[in-house]
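J.: Sequence first, then the predicted structure:
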Amino acid sequence: MGRFGAVSYRQVRMSESYTSDENENEKKPRWFQPKKWLKQTLPESVSKRLFTETLEDEIELRIKEGGKTRKEVENDLISQIPLSQLSVTNINNIRSKESELALKKPGWVMAGKMIKLLLPYYWAKGNLSLKIRVIVCVSIIFASKLLNLYTPILFKNIINNLPAHVPWHWLVAYGLCTLVQKCIWDIRDLIFQDVSDNAVKHINLETFDHLFDLSLSYHLNKRTGSLIKIVERGANSVVQLLSLLLFNIFPTLLELFTVTVFLLFSYGSAFAVINLFSCLLYIGFTLFLTEWRTQHRRLANKKENEASDIKVDSLMNFETIKYFTAEAHERKRYETSLNEYFYVNKKSKVSYFILNFGQAFIIIFGSILGLSLAVWRAAEQPSFSTGDIIAINLYIAQMFAPLSWLGTSYRMILQSFTDIEQLFDLLHTAPDVADSPDATELNLFDHLTGHTRLPSVEFKDVHFSYKSSQAGSAKNSEGNVDVIKGVSFSIPAGKSVALVGSSGGGKSTLFRLLCRFYDVDQGEILVDGQNVKNLTQLSLRKIIGVVPQDIVLFNDTIAYNIGFGNRNATDDQIIEAAKRSQIMEFINKSPEGFKTVVGERGLRLSTGEKQRVSIARALLKNPPILILDEATSSLDTFTERNIQNALNEVSYGRTTLVIAHRLSTIVNCDEIIVLKKGVIAERGTHNQLLELNGEYALLWNEQASKKATNTIPIE
């Protein structure tokens, strides 16, 4: 779950009736402030106390300010709900019991709460060294601002002592002060580097852990490319945000305060007002224009994500694209997406030019106004020296120096808000499946025999339905998709049970329920007599080995991929597993042997070779429970026979669940269960089911006839 916990979103109910009237008001730039999304990141109990606006208020406000129809506004709101949490019965009526759309309303007051969530990454608990570094850096900021305040005074004294004599002591003091100002910031950056690195490391690790805590359903509904972008940008933005606030915004505001107070007491209120007015005008203009630019930045992020998704998706489907000679088509898709991104990004660049021009005008206006007043004062008051004129000009110019960076800092802060918003949404996504607080470890070690015992597996009246956003089949009364309907069967310890049936019957769903990628809606799944809901997911999956149909390998060596089944395995154990899985012949023929790199997702290996690597991996894990998920359905008949021998080797002496389309691979199973539309249609041994002359016999005869005519076996 991570530090942030989970967010319970408010239920969204939208009117079923739409209005087609468009508002005639002109579009106005929306004043961005973090409260717009903090409502989504804060727990519901806090959110309700801080926000009182209704959904209808938000819709009306967006219609008024954006010039959109009601339907367009509602679609915009819908798009902000994470796909994994969205339950849509139709576009006019959204009712999600587990998710709510957090409305975004203006309010800089809430920025402090968001920063509070980020501070633990910098003020590391239990790490005194990092805390001392933060304190030293803050002390350097105050020391630097005092030097900035004193530097124009030194320059004033140098000017006022001319031409009577050369004020060497003032020149040396001015030079040393300038040198220290330069070096002190470099020293600060060097000291703070460890703090930033520690924050980046912990954010990335926490996000990495959270991604693996999330349920399978979340990852099935998300694109990997987008997730990677969200994590990378979010982690960098968290570090960037607090660094900007601590080393840019805070020092600038501190200097504005000290310089204004100094001018007030040393030269009078007129100079203080000019300095304060010019700076506030600059800040206000910068904030206003940056709000406008933020809209383009958000859209640019979206378009960049879409382009990245297309590129990743194309590369992951390299073979398919080659088969269908679709390179030109994919290139066109990617080019179109890039053009959309560059078009939006160009608008952002134009707004950036307008911002820079306005900032330059305000700086020149303030400087000329201050200098004019100083010259007039010198003409009216003989005591007002040339050094005073130069000092005042230096103070105003010195004040605008950090303010010129304030615009850049503010733009970067808003960009960070945009990126962190997505990261927080990810970190606040609660997994559908989580360990209960009193979950126990599954321990199969038998102290009497000194060996690990084989567990039994039992499904008792299991019901399960996919949420409507995860599938598109017929739905039940709650709008979800029924897949498993009252299934009950058991696998005695050391025995094998096969699940067969047409696609969509629920075979793979039962395997995923056993692994607790999903939780049952009703009924129980028992392993060694214990409900899997009462066991930790880690201890449950440790005793389960899987040989899947779609083999996905790491872009590493064969040895690494086999050794992934047991990260503590020795070289001899890896070699033995390779021999038993019958892949040694291929390895011996490869120039690099076990060090052969398999390529992205195992692209350099054939389907049969990948299957053997997967079997070797399962052998090395040596699991008490083995699941064979259609392990030979994508193989030709010759390869299937060879692989089947390896499968018999890996399944011997284990509690085995076999999911199969090719019935010839399961004739020796202790029991065969025929699933049809989520219920058990038939069960028994191979011979018993043939004698029934029902669903199983029909499938068997169909496959036998197709095999005899050398056609593709039924899938």
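T.: Okay, I see it. Residues are numbered from 1 along each chain as shown.
J.: Only C-alpha atoms from now on, for both contacts and neighbour counts.
T.: Will do.
J.: just checking, what packs against the helix or strand hosting residue 397?
T.: Remark: residue 397 resides in helix 386-427, with elements defined by DSSP states H and E. Applying 3 or more C-alpha pairs under 8 Å, 6 or more residues apart in numbering; DSSP states H and E, we find helix 386-427 packed against helix 35-41, helix 128-160, helix 224-244, helix 250-267, helix 269-316, helix 327-380.
J.: Can you check which of those helices gets nearest to residue 701?
T.: The closest of the helices and strands packed on helix 386-427 to residue 701 is helix 269-316. By C-alpha to C-alpha, the value is 37.6 Å.
J.: got the angle between that closest one and helix 250-267?
T.: 170 degrees (axes from the mean of the first three to the mean of the last three C-alpha atoms, to 10 degrees).
J.: helix or strand right after helix 269-316?
T.: Following helix 269-316 in sequence order, the next helix or strand is helix 318-323 (DSSP H and E).
J.: Tell me the spacing between residue 130 and residue 195.
T.: 6 Å (C-alpha to C-alpha, to the nearest Å).
J.: Could you name every residue contacting both of those two?
T.: residue 122 (C-alpha atoms under 8 Å, 6 or more residues apart in numbering).
J.: any residues touching stretch 675-686, and which ones?
T.: Residues from elsewhere that reach stretch 675-686 (C-alpha under 8 Å, 6+ apart): 482-487, 499-502, 504-507, 667-674, 689, 694-696.
J.: Now intersect those residues with the strands, please.
T.: Among those, the ones falling in strands (DSSP state E) are 482-487, 499-500, 671-674.
J.: which one of these has the most neighbours?
T.: Within these, most neighbours by other C-alpha atoms under 10 Å means residue 500, with 28 neighbours.
J.: Identify the bridge partners of that residue.
T.: The residues listed as beta-bridge partners of residue 500 by DSSP bridges are residue 674.
J.: hang on, it packs against residue 667?
T.: No. Taking contacts as C-alpha atoms under 8 Å, residue 500 lies outside contact range of residue 667: 11.5 Å.
J.: that older thread, for residue 398, which of the helices and strands packed on helix 386-427 is the nearest?
T.: Closest approach to residue 398 among the helices and strands packed on helix 386-427 (C-alpha to C-alpha): helix 128-160, 8.1 Å.
J.: how far out from the middle of the chain is that closest one?
T.: 40 Å (C-alpha atoms, centre = their mean, to the nearest Å).
J.: try stretch 159-179
T.: Distance, stretch centre to chain centre, for stretch 159-179: 56 Å (C-alpha atoms, centre = their mean).
J.: in it, what's buried?
T.: The neighbour-count criterion (16 or more other C-alpha atoms under 10 Å) identifies 159, 170, 174, 177 as the buried residues of stretch 159-179.
J.: among those, which are in helices?
T.: Applying DSSP state H to the buried residues of stretch 159-179, the entries found in helices are 159, 170, 174, 177.
J.: need the contact list for the second one.
T.: When contacts are counted by C-alpha under 8 Å, 6+ apart, residue 170 touches 154-155, 157-158.
J.: In CSV, list those residues along with neighbour count.
T.: Shown next, in CSV, are the contacts of residue 170 (neighbours: other C-alpha atoms under 10 Å):
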residue, neighbour count
154, 20
155, 20
157, 17
158, 20
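J.: Tell me the one of the residues you listed nearest residue 140?
T.: Closest approach between the contacts of residue 170 and residue 140, by C-alpha to C-alpha: residue 154, at 20.7 Å.
J.: For the closest one, give me its contacts.
T.: Residue 154 neighbours (C-alpha under 8 Å, 6+ apart): 170-171, 173-174.
J.: Could you measure from it over to residue 391?
T.: Residue 154 is 9 Å from residue 391, by C-alpha to C-alpha.
J.: Residue 131 reaches residue 123, doesn't it?
T.: Yes. Residue 131 lies in contact with residue 123 (C-alpha under 8 Å); the separation is 5.9 Å.
J.: Show me the domain layout of this protein.
T.: 1-121, 128-427, 553-622 (automatic domain parsing).
J.: Highest mean neighbour count across those, which stretch is it?
T.: domain 553-622 (a mean of 19; mean count of other C-alpha atoms under 10 Å).
J.: Determine how far that domain lies from the middle of the whole chain.
T.: So, by C-alpha atoms, centre = their mean, the centroid of domain 553-622 is 31 Å from its chain's centroid.
J.: what about it, how long is it end to end?
T.: In domain 553-622, first residue to last residue: 19 Å (C-alpha to C-alpha).
J.: In the stretch 301-450 of the chain, where is pLDDT below threshold?
T.: 406-407, 411 (pLDDT under 70).
J.: Likewise for the stretch 601-715 of the chain?
T.: For the stretch 601-715 of the chain (pLDDT under 70), the answer is 631-640, 642, 706-715.
J.: Check which helix or strand residue 489 maps to.
T.: strand 481-491.
J.: hey, C-alpha coordinates of that strand in PDB?
T.: Provided in PDB are the C-alpha atoms of strand 481-491 (Å, rounded to 0.1, in the frame of the first residue of the first chain):
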ATOM      1  CA  VAL A 481     -20.000 -10.600 -15.800                       C
ATOM      2  CA  ASP A 482     -20.700 -14.100 -14.300                       C
ATOM      3  CA  VAL A 483     -17.900 -16.500 -15.100                       C
ATOM      4  CA  ILE A 484     -17.900 -19.100 -12.400                       C
ATOM      5  CA  LYS A 485     -21.300 -20.300 -11.000                       C
ATOM      6  CA  GLY A 486     -21.200 -22.700  -8.000                       C
ATOM      7  CA  VAL A 487     -18.200 -24.800  -9.100                       C
ATOM      8  CA  SER A 488     -17.100 -27.500  -6.600                       C
ATOM      9  CA  PHE A 489     -14.300 -30.100  -7.000                       C
ATOM     10  CA  SER A 490     -11.200 -31.200  -5.200                       C
ATOM     11  CA  ILE A 491      -7.700 -32.300  -6.100                       C
END
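J.: Which secondary structure elements does it sit against?
T.: Under the contact criterion of 3+ C-alpha pairs under 8 Å, 6+ apart, strand 481-491 touches strand 457-466, helix 507-514, strand 655-659, strand 679-684.
J.: Might one say that residue 522 is in contact with residue 462?
T.: Yes. The pair residue 522 and residue 462 passes the contact test of C-alpha under 8 Å, sitting 5.7 Å apart.
J.: Residue 315 and residue 337, how far apart?
T.: 16 Å.
J.: Which strand or helix spans residue 526?
T.: Counting by DSSP H and E, the element that carries residue 526 is strand 522-527.
J.: How about residue 201?
T.: helix 168-213.
J.: Distance from the chain centre to that helix, please.
T.: 27 Å.
J.: what's residue 162 in contact with, if anything?
T.: No residues are in contact with residue 162 under the rule C-alpha under 8 Å, 6+ apart.
J.: Let me know the secondary structure of it.
T.: coil (DSSP: H, G, I helix; E, B strand; the rest coil).
J.: Could you report the distance from it to residue 174?
T.: Note on residue 162: its distance to residue 174, by C-alpha to C-alpha, is 15 Å.
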